[in-house]
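next input, structure requested:
(2 chains)
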There are 2 protein chains.
Amino acid sequence: MGRSAQLHAEVLVHRGGIVESRHLVRCAVVAAGGEPVAGAGAPGGAWADTSGVTDVTSFRSSAKPFQLLPLVERGHADQLHCSEAELAIMAASHSGSRHHLALVRGLLERIGRTSADLACGYHEPMDAESLEDVRRDPSLRSPLYNNCSGKHAGMLALAKAEGWPAAGYERLEHPLQQLMLRTVAECCGVAPGSLQLGVDGCSVPVFGLELAAMASGYARLAAAMAGGGDARALALRRIGRAMVAEPVVVEGTGRLATDLMLAAHGRILAKSGAEGLLLVAEPATARGIAIKCDDGAMRAMGPAAIELLVALGVLSADEAESLAAHRRPVVADAAGHPVGWLEGRVDSLATHDIRG
Amino acid sequence: MGRSAQLHAEVLVHRGGIVESRHLVRCAVVAAGGEPVAGAGAPGGAWADTSGVTDVTSFRSSAKPFQLLPLVERGHADQLHCSEAELAIMAASHSGSRHHLALVRGLLERIGRTSADLACGYHEPMDAESLEDVRRDPSLRSPLYNNCSGKHAGMLALAKAEGWPAAGYERLEHPLQQLMLRTVAECCGVAPGSLQLGVDGCSVPVFGLELAAMASGYARLAAAMAGGGDARALALRRIGRAMVAEPVVVEGTGRLATDLMLAAHGRILAKSGAEGLLLVAEPATARGIAIKCDDGAMRAMGPAAIELLVALGVLSADEAESLAAHRRPVVADAAGHPVGWLEGRVDSLATHDIRG
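Model prediction:
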């Protein structure tokens, strides 16, 4: 249908007059109703594939809106009287700030669970204040600080509402994770059996699929956010709108997806995933955009994503300039002097018909 | 002369059944006497270049043996009665362990300088014990912990011996850095004016040159280590042999270059550089090997370097297997469960005549 496209970008790491390193970045764009682009990878040039590697990669945390879908779709979120901030935290990769933790604690209390029930494990928070807290008092360390603790609280809420055991909720064979798998596949328009399987950083199953299929899922989310549709679209709309209404809950102060949403003044939903992934939904055009840094480097995501979003007409030049710290991050030496910068470049652009 | 070759490798990041990310790695091999390979980059395939980027990258810490050369070549190291461990620390990217710090302090005391004279800035040490020290007592933080503090102590020693001012020794216009530039260029067989310029993480000039030129410098070092040659070869031999004699001083316990040297039982010198660089000198074949991960990821270096060194006959299968933690690093989730692994693959091999 010509309703999807594959773009490329590269990110150069400049150190004075030296180009020191280079990241390759892929981008799939799908407009709602567009089919996922089979085999969109390996287009030749710098990205030509010599090893049989395809465009399949892990959905990581960018799958969270779809992993939250059953709780909303089945009416459980209403029964729990979830606020928009609570919906957002359940789809979040948060920084572990005190505000984030309070939201997760509130949900756990509401369903009679504690942080001891969370299977996500502990990692150090990104939030500076919280990092100081746990370094000063290591006894504070708990799975609440894990960036996925909101998602896990949502999973525990779903297990409880469905009458499933909480124990083992993180395992692939648990009915909850089977439901996650089916829901992600349905939203992205692929067969559940086609999803590749792994374990995420927070110990629940993670799904491998083509970048274009991920973009297709976000195109569905974008269309739902625009209005209309069936019961599933209604549930997706509530999730998407909650995330856009609470950008700081979805990631945190100063982080890329948060700042993209703030800069776009509510026009887009953005959600990062580990290993260099970013998904964007643009309701006005019903487009879904999936951006992946081949090598998984998060540092490449700001420079690449912002240039791609400008090239796609998602961000204006002024909005991109307001994101200078993400668009052109400074490389500093140990003494704090700026000695280099990152530069994103859109390498090829084939926007045929992707404005729908 | 057919005495050099360009190899490629890739490193796949596996998460269960999903290939999540991929690193591209270049490798230049030069045998002593071989000319640097002009334009060896951009060989097509996955590494084909669409942006005019060449094989030029920063020499970073892998230049340290050559930056130490003037101090030894001019007789100053002898006048200071430098031990092998002290030569090694001046060419080191150390972990900031207490042992490393004691060596640097000893040198500074000998030349009447203190850590306040070091221009390298502070960063957190990699050594676990030292990291605990500085987190418990932030007043301990000092440039001594910087992985380059030994190099800087050596530079201060050189400035003193030559009668140059210590102030500003880190600046490109200082005679010391002009000497570094000329020495690196001479050792790598390139014109000083052809070096691209930047500032390293430790605030001194860093030099951009082709990977093959870096390999050429290490081939010269390898030949020198084997014996014979002129006064410069003698000085390089002392530096190289000191580094091989003190592998834990050169980087630190558990680190890649240290463990490569330990596994090879003195047959090779290995030295890492930031942003995914590793240089190897093999005296027996007078070969220099330069390995660079395009995107700068250090995590790719163990898997790529070990497969490349096996393919080149530098490491035996048994030695490679003894390096399993570097060759096939485990990806763990936040709870500590293994959920994936990194895998290096040599992609193409053209070893024509490179055994010399």
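
SS state for A:Met126?
Of the three states, A:Met126 takes coil under DSSP: H, G, I helix; E, B strand; the rest coil.

show the contacting residues for the residue lying closest to it once chain neighbours are set aside.
Taking CB to CB, 6 or more residues apart in numbering or on different chains, and ignoring the residues beside it in sequence, A:Met126 has A:Ser95 as its nearest neighbour in space, at 4.2 Å. (Glycine included, C-beta is placed from N, CA and C.) A:Ser95 makes contacts with A:125-127, A:130, A:147, A:251-253, A:255, as judged by CB atoms under 8 Å, 6 or more residues apart in numbering or on different chains.

and the gap between A:Gly168 and chain B?
14 Å (CB to the nearest CB, to the nearest Å).

that residue: neighbour count?
Residues within reach of A:Gly168, counting by other CB atoms under 10 Å in any protein chain shown, total 13.

wait, it touches A:Leu176, no?
No - contact status for A:Gly168 versus A:Leu176: not in contact, 9.2 Å apart, counting by CB atoms under 8 Å.

can you redo the contacts of A:Ser95 as JSON lines with pLDDT and neighbour count?
Putting these into JSON lines (pLDDT from 0 to 100; neighbours: other CB atoms under 10 Å in any protein chain shown) gives the following:
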{"residue": "A:Pro125", "pLDDT": "98", "neighbour count": "26"}
{"residue": "A:Met126", "pLDDT": "97", "neighbour count": "19"}
{"residue": "A:Asp127", "pLDDT": "98", "neighbour count": "22"}
{"residue": "A:Ser130", "pLDDT": "98", "neighbour count": "22"}
{"residue": "A:Asn147", "pLDDT": "98", "neighbour count": "24"}
{"residue": "A:Glu251", "pLDDT": "98", "neighbour count": "27"}
{"residue": "A:Gly252", "pLDDT": "98", "neighbour count": "24"}
{"residue": "A:Thr253", "pLDDT": "97", "neighbour count": "14"}
{"residue": "A:Arg255", "pLDDT": "98", "neighbour count": "21"}
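
Three-state assignment for the residue nearest to A:Met126, please.
Here A:Ser95 takes the coil state, with states given by three-state DSSP.

likewise for A:Glu343?
Three-state secondary structure (criterion: three-state DSSP) places A:Glu343 in strand.

the residue lying closest to it once chain neighbours are set aside: neighbour count?
Using CB to CB, 6+ apart and skipping the chain neighbours, the partner closest in space to A:Glu343 is A:Leu12 (4.8 Å). Other residues within reach of A:Leu12 by the criterion other CB under 10 Å amount to 19.

before we move on, what SS does A:Leu12 have?
strand.

so what strands line up beside the host helix or strand of A:Gly208?
Here A:Gly208, judged by DSSP states H and E, is contained in strand A:205-210. Each strand that pairs with strand A:205-210, with its direction, by DSSP bridges: strand A:56-58 (antiparallel), strand A:196-199 (antiparallel).

residues in the stretch 101-250 of chain A within reach of chain B, list them.
Among all residues of the stretch 101-250 of chain A, those adjacent to chain B (criterion: CB under 8 Å from any CB of the partner chain) are A:119-123, A:135, A:146, A:196-203, A:206, A:208.

buried stuff in stretch A:294-307?
Within stretch A:294-307, the residues scored as buried using 16 or more other CB atoms under 10 Å in any protein chain shown are A:294-297, A:299-307.

in a markdown table: these, plus secondary structure, distance to B:Leu260 and pLDDT.
Supplementary listing: those in a markdown table, determined by DSSP: H, G, I helix; E, B strand; the rest coil; distance: CB to CB, whole Å; pLDDT from 0 to 100:
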| residue | secondary structure | distance to B:Leu260 | pLDDT |
| --- | --- | --- | --- |
| A:Asp294 | coil | 26 | 97 |
| A:Asp295 | coil | 22 | 98 |
| A:Gly296 | coil | 24 | 98 |
| A:Ala297 | coil | 24 | 98 |
| A:Arg299 | helix | 27 | 98 |
| A:Ala300 | helix | 28 | 98 |
| A:Met301 | helix | 32 | 98 |
| A:Gly302 | helix | 34 | 98 |
| A:Pro303 | helix | 33 | 98 |
| A:Ala304 | helix | 33 | 98 |
| A:Ala305 | helix | 37 | 98 |
| A:Ile306 | helix | 39 | 98 |
| A:Glu307 | helix | 38 | 98 |
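
from these, pick the one nearest A:Ala332.
Minimum separation from A:Ala332 among those (CB to CB) is found for A:Arg299, which lies at 12.7 Å.

gap between that closest one and A:Gly276?
Distance, A:Arg299 to A:Gly276, by CB to CB, to the nearest Å: 9 Å.

equivalent analysis for A:Ala257, please.
For A:Ala257, the distance to A:Gly276 - CB to CB - is 13 Å.

chain B contacts on the stretch 251-356 of chain A?
Near chain B, when you scan the stretch 251-356 of chain A using CB under 8 Å from any CB, you find A:275-276, A:293-297, A:300, A:333-337, A:339-340, A:345, A:347.

got a quick ChimeraX command for the buried subset of these?
Listed next is the ChimeraX selection for buried residues among these, using 16+ other CB under 10 Å:
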select /A:275,276,293,294,295,296,297,300,333,334,335,339,340,345,347
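
got phi/psi on the residue nearest to A:Met126?
Geometry field for A:Ser95 lists phi and psi as phi -90, psi 0, criterion degrees, to the nearest 10.

now the helix or strand hosting A:Leu279: average pLDDT?
Taking DSSP H and E as the definition, one finds A:Leu279 inside strand A:277-282. For strand A:277-282, the per-residue pLDDT values average out at 98.

check which helices and strands the strand of greatest length in chain A sits against.
Counting by DSSP state E, the longest strand found in chain A is strand A:18-31. With contacts defined as 3 or more CB pairs under 8 Å, 6 or more residues apart in numbering or on different chains; DSSP states H and E, the packing partners of strand A:18-31 are strand A:4-15, helix A:211-226, strand A:287-293, helix A:301-311, strand B:56-58, strand B:196-199, strand B:205-210.

reformat the ones you listed as JSON lines; add distance to B:His152.
Formatted as JSON lines, the entries for the helices and strands packed on strand A:18-31 read as follows, by distance: least, CB to CB, whole Å:
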{"stretch": "strand A:4-15", "distance to B:His152": "19"}
{"stretch": "helix A:211-226", "distance to B:His152": "45"}
{"stretch": "strand A:287-293", "distance to B:His152": "34"}
{"stretch": "helix A:301-311", "distance to B:His152": "31"}
{"stretch": "strand B:56-58", "distance to B:His152": "18"}
{"stretch": "strand B:196-199", "distance to B:His152": "14"}
{"stretch": "strand B:205-210", "distance to B:His152": "13"}
